[in-house]
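Visitor: coords below, sequence missing:
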């Protein structure tokens with residue numbers, strides 16, 4: 001019983017950890033923090049946390065250094081760490097934590113579209129699964145448009161509110177929560193980069209060694225790129241000073257908890273239960289962020305946000321369900337082919353034995 005519940009408990013904990021990251025980042029970006037410096041620190045802390053784990057637990061899986069490995073690590077660091085982080089935080093500052101959480105769960109749809117573009121995925125419209133994948137992708141896009149452009153009536157859940165943004169914005173006016181098109185594009189661009197990284201990992205991820213080595217190399221290259229970007233854009237060394245405040249907490253939390261604990265937990269659940277099991281828990285993260293955002297961040301919750309989020313979740317479930325059916329069908333077909341091959345070999349063996357026995 002506990003063996004079955006461990007995966008459920010792990011994925012629920014992952015959603016709370018992710019939700020905590022969204023909330024901390026939203027408070028941080030509205031506090032006037034230099035976002036480029038914050039990203040550089042986050043990836044640096046993630047590298048310092050993951051590299052010892054790789055040396056201790058996956059010493060035998062350490063990849064051999066070659067120029068090809070360096071090139072792969074650079075591409076992985078750009079797509080999986082540097083570009084998503086550079087785009088994501090400014091995008092969140094111009095949108096909301098709820099929107100950022102909502103768009104993060106439609107990554108399977110973005111990955112599907114990019115996979116079709118690069119011919120790594122197929123969309124057989126003659127089959128029910130192919131048509132359902134197309135419908136799911138369109139639902140995800142429509143849900144995102146509804147979330148952004150349709151507000152509807154404002155829904156009041158709480159009788160009291162705690163505005164953490166106002167308390168963190170000392171000497172500044174509280175940021176409004178109107179979503180801007182550049183912010184939406186930044187958040188979507190971050191998800192596109194992450195989806196490209198997933199496709200890249202599917203092709204050559206094994207060349208980067210084990211999970212810890214893969215993550216360490218990605219974060220290491222990403223932190224180097226982000227440090228260079230931050231130094232080139234801002235020469236004020238005071239921006240690099242960390243104090244005992246929300247900035248340090250957000251940096252340590254995202255670097256250690258998310259990169260060091262959440263990533264291995266997700267990888268373990270995918271290995272034991274499959275990607276569908278991991279995906280079905282994503283809406284929990286959206287609910288948590290939406291509730292906390294409306295209570296503590298003064299993010300208004302509108303009917304359009306709820307409708308758009310439900311449409312996006314439905315599209316994601318439809319696409320992932322189709323992917324799992326296709327995988328199961330391919331596995332069944334492969335087993336059938338192997339069985340037929342074994343039967344033919346057995347028949348040939350019996351025929352050979354009969355021929356030997358005939359005088």
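Guide: That came through fine. Computed from a prediction, not measured in an experiment: that's the story for all the values here.
Visitor: Quick check: next helix or strand after the helix or strand where residue 188 lies?
Guide: In this structure, residue 188 is located in helix 181-204 according to DSSP states H and E. Sequence-wise, the next helix or strand downstream of helix 181-204 (DSSP H and E) is helix 211-233.
Visitor: Give me the helices and strands touching that next one, please.
Guide: Helices and strands touching helix 211-233, by 3 or more C-beta pairs under 8 Å, 6 or more residues apart in numbering; DSSP states H and E, are helix 35-57, helix 67-77, helix 83-93, helix 263-273. For every residue, glycine as well, the C-beta is placed using N, CA and C.
Visitor: correct me, but residue 110 touches residue 191?
Guide: Yes. If you go by C-beta atoms under 8 Å, residue 110 and residue 191 touch, sitting 5.5 Å apart.
Visitor: one step back: residues making contact with the helix holding residue 188?
Guide: Around helix 181-204, the neighbours that count as contacts under C-beta atoms under 8 Å, 6 or more residues apart in numbering are 72, 75-76, 79-80, 83-85, 87-88, 90-95, 99-100, 103-104, 106-107, 110-111, 114-115, 118, 120, 144, 148, 214.
Visitor: Can you flag the buried ones in those?
Guide: Among the contacts of helix 181-204, those buried by neighbour count (16 or more other C-beta atoms under 10 Å) are 72, 75-76, 79-80, 83-85, 87-88, 90-95, 99-100, 103-104, 106-107, 110-111, 114-115, 144, 148, 214.
Visitor: Can you get me a residue count around the residue lying closest to residue 312 once chain neighbours are set aside?
Guide: Nearest residue to residue 312, sequence neighbours excluded (C-beta to C-beta, 6 or more residues apart in numbering): residue 143, at 3.5 Å. Neighbourhood size, residue 143 [other C-beta atoms under 10 Å]: 24.
Visitor: again with the one 10 residues further on
Guide: The criterion is other C-beta under 10 Å. On that basis, residue 153 has 8 neighbouring residues.
Visitor: Could you verify that residue 244 is part of a helix?
Guide: No. Counting by DSSP: H, G, I helix; E, B strand; the rest coil, residue 244 is not part of a helix but coil.
Visitor: Compute the number of surrounding residues for it.
Guide: For residue 244, the tally of surrounding residues (other C-beta under 10 Å) stands at 7.
Visitor: got it, and residue 192?
Guide: 20.
Visitor: What is the least confident helix or strand in this protein?
Guide: Across the helices and strands of the chain, mean confidence by mean pLDDT, DSSP states H and E is lowest for helix 164-168: a mean of 57.
Visitor: Now do the contacts for the most centrally placed residue in the chain.
Guide: Residue closest to the average C-alpha location in the chain (C-alpha atoms, centre = their mean): residue 104, at 6.2 Å. Counting by C-beta under 8 Å, 6+ apart, residue 104 touches 18, 191, 282, 285.
Visitor: got it, and residue 139?
Guide: The neighbours of residue 139, taking C-beta under 8 Å, 6+ apart as the test, are 311, 312, 314, 315, 318.
Visitor: Just give me how far the helix holding residue 188 sits from the chain centre.
Guide: 9 Å (C-alpha atoms, centre = their mean, to the nearest Å).
Visitor: any idea of the mean pLDDT for that helix?
Guide: Averaging pLDDT along helix 181-204 gives 85.
Visitor: tell me the angle that helix makes with helix 211-233.
Guide: 140 degrees (axes from the mean of the first three to the mean of the last three C-alpha atoms, to 10 degrees).
Visitor: Which parts of helix 181-204 count as buried, going by neighbours?
Guide: 183-184, 186-201.
Visitor: Kindly calculate the angle that that helix makes with helix 83-93.
Guide: Between helix 181-204 and helix 83-93, the angle comes out at 160 degrees (the same axes, to 10 degrees).
Visitor: Helix 181-204 versus helix 67-77: what angle between them?
Guide: Going by the same axes, to 10 degrees, helix 181-204 makes 150 degrees with helix 67-77.
Visitor: Quick check, residue 90 in contact with residue 35.
Guide: Yes. Counting by C-beta under 8 Å, residue 90 does reach residue 35; the two are 5.8 Å apart.
Visitor: OK, contacts around the residue lying closest to residue 329 once chain neighbours are set aside?
Guide: The spatially closest residue to residue 329, leaving aside those adjacent along the chain, is residue 129, at 8.0 Å (C-beta to C-beta, 6+ apart). Residue 129 sits next to 322, 325, 326, 329 when contact means C-beta under 8 Å, 6+ apart.
Visitor: so residue 129 is in which element?
Guide: Applying DSSP H and E as the criterion places residue 129 in helix 128-149.
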